[in-house]
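**Student:** got a structure for you, letters missing:
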């Protein structure tokens with residue numbers, strides 16, 4: 001017996017599953033922020049590889065049950081796994097971290113372009129008072 005579980009070696013693979021249940025939301029939100037702030041291959045690759053072990057182990061346990069007794073509601077259990085574990089713990093926090101970071105950066109960039117008064121400086125194409133308006137007259 002190992003920590004009250006069976007003597008099978010594959011039980012060790014469920015440790016990341018339990019840790020992912022508690023900390024996966026925060027890890028995926030941080031990875032989403034990282035992908036939004038520093039686009040490139042490494043953040044995106046890590047966003048796929050880091051949840052691969054816990055989600056893959058639990059998905060395999062759902063698809064290939066050790067005992068097939070009482071599996072009448074298998075499809076409902078698997079759809080629940082996809083909704084909660086994949087969608088709620090892994091995908092949604094990444095999307096929220098990425099989306100909120102991109103939104104904040106867009107708002108800050110717009111304010112920076114607008115200048116200290118809060119309004120865009122005149123002189124752009126099509127605005128009154130700019131060089132394009134003088135040439136059009």
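**Tutor:** Nice, I can see it. Nothing here was measured: the structure is a model prediction, and the numbers come from that model.

**Student:** Which parts of this protein are helices?
**Tutor:** Assigned by DSSP state H, the chain shows helices spanning 14-37, 41-49, 52-63, 74-81, 92-114, 131-136.

**Student:** So for residue 8, which of these sits nearest?
**Tutor:** Between residue 8 and those, the tightest spacing by CB to CB is seen for helix 14-37, at 10.2 Å. Every residue, glycine included, has its C-beta placed from N, CA and C.

**Student:** mind listing what's buried in that closest one?
**Tutor:** 16-17, 20, 24-25, 27-29, 31-36 (16 or more other CB atoms under 10 Å).

**Student:** Check stretch 47-66 too.
**Tutor:** 47, 50, 51, 54, 55, 57, 58, 59, 62.

**Student:** Which of these sits closest to residue 112?
**Tutor:** residue 47 (28.1 Å).

**Student:** Report the contact partners of the closest one.
**Tutor:** 28, 31, 32, 35, 94 (CB atoms under 8 Å, 6 or more residues apart in numbering).

**Student:** The third one against residue 93, yeah?
**Tutor:** This points to residue 32. Yes: the pair residue 32 / residue 93 is scored as a contact, 6.7 Å apart, by CB atoms under 8 Å.

**Student:** what's the average pLDDT for stretch 77-96?
**Tutor:** What stretch 77-96 shows for mean pLDDT is 91.

**Student:** actually stretch 107-114, sorry about that
**Tutor:** 90.

**Student:** mind putting the helices of the chain in a markdown table, distance to residue 8 included?
**Tutor:** Output for the helices of the chain, formatted as a markdown table (distance: least, CB to CB, whole Å):
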| stretch | distance to residue 8 |
| --- | --- |
| helix 14-37 | 10 |
| helix 41-49 | 26 |
| helix 52-63 | 12 |
| helix 74-81 | 21 |
| helix 92-114 | 31 |
| helix 131-136 | 74 |
